[in-house]
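Engineer: quick one: sequence and predicted model below, then my questions.
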Amino acid sequence: MHYNIPNSIPNIKGNEIAYVTEALSKGMLTEGDYMKEFEKKIASSQGKFHGVCVSSGTAAIHLALLASGVNHDDEVITSASTFAATANAIIYTGARPVFVDIRLSDFCLNAKELSNWFSKNTKMINGFCINLKTKRRISAILLVHVYGFYSNREEIYNIIKSKNIKIIEDGAEALGSFVNRKPIAYGASIFTISFNGNKIITSGGGGMVLCKNKKVADKIRYLANQAKSKNYDFIHNEVGYNYRLSNVNAAIGLAQFEKLDEFVQKKRNTFKKYKNFFNNTNIGEMVEESAEVHCNYWMPLLRIKKSKKINIFEIIYKMNQIGIQLRPIWKPLILNKAFKQFETTSQLKISNDLFKRTICLPSSTSISSKDIKIVCEKLLYYSIN
Ligand SMILES: Cc1ncc(COP(=O)(O)O)c(C=O)c1O
């Protein structure tokens with residue numbers, strides 16, 4: 001039997017075609033009202049923010065780091081277990097990522113480990129926080145809200161108080177999540193989003209930076225537009241980037257945004273069905289939100305019990321062979337050739353352990369109950385056979 005159960009594909013049953021048709025018929029392909037509307041709607045859904053739409057979530061992080069003053073040869077602390085884009089964006093600035101282990105509970109950066117590491121390995125010198133081993137300045141922390149969970153910013157703010165370190169938040173996977181009933185970006189000063197095809201909403205590729213400070217937003221818009229003066233005279237005082245999102249992509253994004261609440265509800269229902277099944281087996285349990293978080297469950301995670309010694313990579317392979325698209329979680333970045341030369345704050349025991357026993361389950365918003373049942377039964381079958 002061959003199935004067709006993708007991991008997380010877009011759902012375009014709303015106003016996408018109507019909005020794109022309108023943008024095209026007005027000849028507003030590159031710039032236009034959809035961009036402004038998209039920025040306004042996303043930004044105001046999260047609190048008091050200035051939104052700048054860009055060509056990808058990666059571009060959003062890159063510009064957020066630059067606008068936060070991250071410099072060549074600085075160090076930027078981030079999570080050991082995240083998508084490569086997080087570290088790539090740090091490296092584009094000329095800075096170096098430092099990887100911190102994650103928490104068993106929600107796969108986000110382990111604040112306890114970070115706090116210990118700071119006390120033993122850093123010192124304030126001339127107003128900057130310096131890594132005593134590398135002698136580099138730590139200028140920022142890039143918090144990643146993986147899989148829609150919440151990487152606790154309050155905890156991190158407490159750790160870095162008076163250390164002259166900026167916090168930038170990679171919320172690529174977290175739009176639609178809430179913390180203490182507030183949208184996840186609410187308390188952030190700078191927060192980035194991805195609208196890549198597999199995200200909770202998509203613009204067919206794109207991203208956005210949400211900034212509390214208008215000057216920072218203006219700087220990001222300027223850098224995303226080749227650092228061009230506002231006039232017609234093409235004056236460039238800095239090196240810029242071509243990171244603009246098109247009006248056509250923004251039209252898709254806006255139509256998708258209208259469905260965000262519905263998509264989150266669908267993902268949460270899917271999570272519940274997986275939980276009802278797997279938490280009643282003895283192979284493992286679904287990774288669940290903590291009491292203060294309302295997770296978008298962008299990608300529901302099944303954490304297999306350590307004692308089971310199940311080879312998840314074999315299961316993932318077998319399931320993919322029959323058309324059920326399972327995925328492992330992010331491989332600790334340090335294990336990739338591209339990132340192996342960078343620093344870590346520990347042996348990353350939790351990241352390594354969870355990588356070997358956690359599976360991302362299919363959760364497209366169009367997935368049927370019948371398909372969820374098939375995923376459950378087949379996965380259980382391969383786990384015990
Ligand atoms: C955690 C994380 N950061 C950054 C990105 C980059 O976003 P994009 O693919 O839009 O560049 C992604 C997703 O793709 C992601 O999952």
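Structural biologist: Sure thing, it's come through. Numbering: from 1, shown residues only.
Engineer: check which helices and strands the longest helix along the chain sits against.
Structural biologist: As assigned by DSSP state H, the longest helix anywhere in the chain is helix 260-278. On a contact count with 3 or more Cβ pairs under 8 Å, 6 or more residues apart in numbering; DSSP states H and E, helix 260-278 meets strand 284-286, helix 369-384. Every residue, glycine included, has its C-beta placed from N, CA and C.
Engineer: near the ligand, which residues of the stretch 201-350 of the chain show up?
Structural biologist: residue 207 (Cβ under 6 Å from any ligand atom).
Engineer: what about the strands in the stretch 201-350 of the chain?
Structural biologist: Along the stretch 201-350 of the chain, counting by DSSP state E, counting those that start in this stretch, strands occupy 207-211, 284-286, 293-294, 301-304, 327-328, 343-344.
Engineer: in JSON lines: those, plus mean neighbour count and mean pLDDT.
Structural biologist: Converted to JSON lines, the strands of the stretch 201-350 of the chain look like this (neighbours: other Cβ atoms under 10 Å; pLDDT from 0 to 100):
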{"stretch": "strand 207-211", "mean neighbour count": "29", "mean pLDDT": "98"}
{"stretch": "strand 284-286", "mean neighbour count": "20", "mean pLDDT": "97"}
{"stretch": "strand 293-294", "mean neighbour count": "20", "mean pLDDT": "98"}
{"stretch": "strand 301-304", "mean neighbour count": "23", "mean pLDDT": "98"}
{"stretch": "strand 327-328", "mean neighbour count": "16", "mean pLDDT": "98"}
{"stretch": "strand 343-344", "mean neighbour count": "18", "mean pLDDT": "98"}
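Engineer: including distance to residue 25, could those go into a markdown table?
Structural biologist: Below are those laid out as a markdown table (distance: least, Cβ to Cβ, whole Å):
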| stretch | distance to residue 25 |
| --- | --- |
| strand 207-211 | 25 |
| strand 284-286 | 46 |
| strand 293-294 | 39 |
| strand 301-304 | 43 |
| strand 327-328 | 39 |
| strand 343-344 | 53 |
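Engineer: which one of those strands lies nearest to residue 72?
Structural biologist: Taking Cβ to Cβ, strand 343-344 is the member of those nearest to residue 72, at 16.5 Å.
Engineer: so what's whatever residue of the stretch 51-200 of the chain ends up closest to the ligand up against?
Structural biologist: Of all residues in the stretch 51-200 of the chain, residue 57 sits closest to the ligand, at 2.5 Å by Cβ to the nearest ligand atom. Applying Cβ atoms under 8 Å, 6 or more residues apart in numbering, we find residue 57 in contact with 85, 170, 172, 192-196, 199, 206-207.
Engineer: again, only using 7 Å
Structural biologist: The contact partners of residue 57, taken as Cβ atoms under 7 Å, 6 or more residues apart in numbering, are 85, 172, 192-194, 196, 207.
Engineer: same thing with residue 108?
Structural biologist: Applying Cβ under 7 Å, 6+ apart to residue 108 gives the contacts 79, 102, 144-146, 149-151.
Engineer: where does the nearest residue to residue 40 once chain neighbours are set aside land in three-state SS?
Structural biologist: Sequence neighbours aside, residue 51 is the residue nearest to residue 40 in space, at 6.8 Å (criterion: Cβ to Cβ, 6 or more residues apart in numbering). Secondary structure, DSSP: H, G, I helix; E, B strand; the rest coil: residue 51 is strand.
Engineer: for residue 51, which residues are in contact?
Structural biologist: 39-40, 42-43, 208, 210.
Engineer: re earlier: just say which of the helices and strands packed on helix 260-278 is most tucked in.
Structural biologist: strand 284-286 (a mean of 20; mean count of other Cβ atoms under 10 Å).
Engineer: residue 342 reaches residue 96, doesn't it?
Structural biologist: Yes - between residue 342 and residue 96 there is a contact under Cβ atoms under 7 Å: 5.8 Å.
Engineer: and those two? Which one has more around it.
Structural biologist: Taking other Cβ atoms under 10 Å, residue 342 and residue 96 do not tie; residue 96 has more neighbours (20 against 17).
Engineer: for stretch 149-166, buried residues please.
Structural biologist: By neighbour count on 16 or more other Cβ atoms under 10 Å, the buried set for stretch 149-166 is 149-153, 155-156, 159-160, 165-166.
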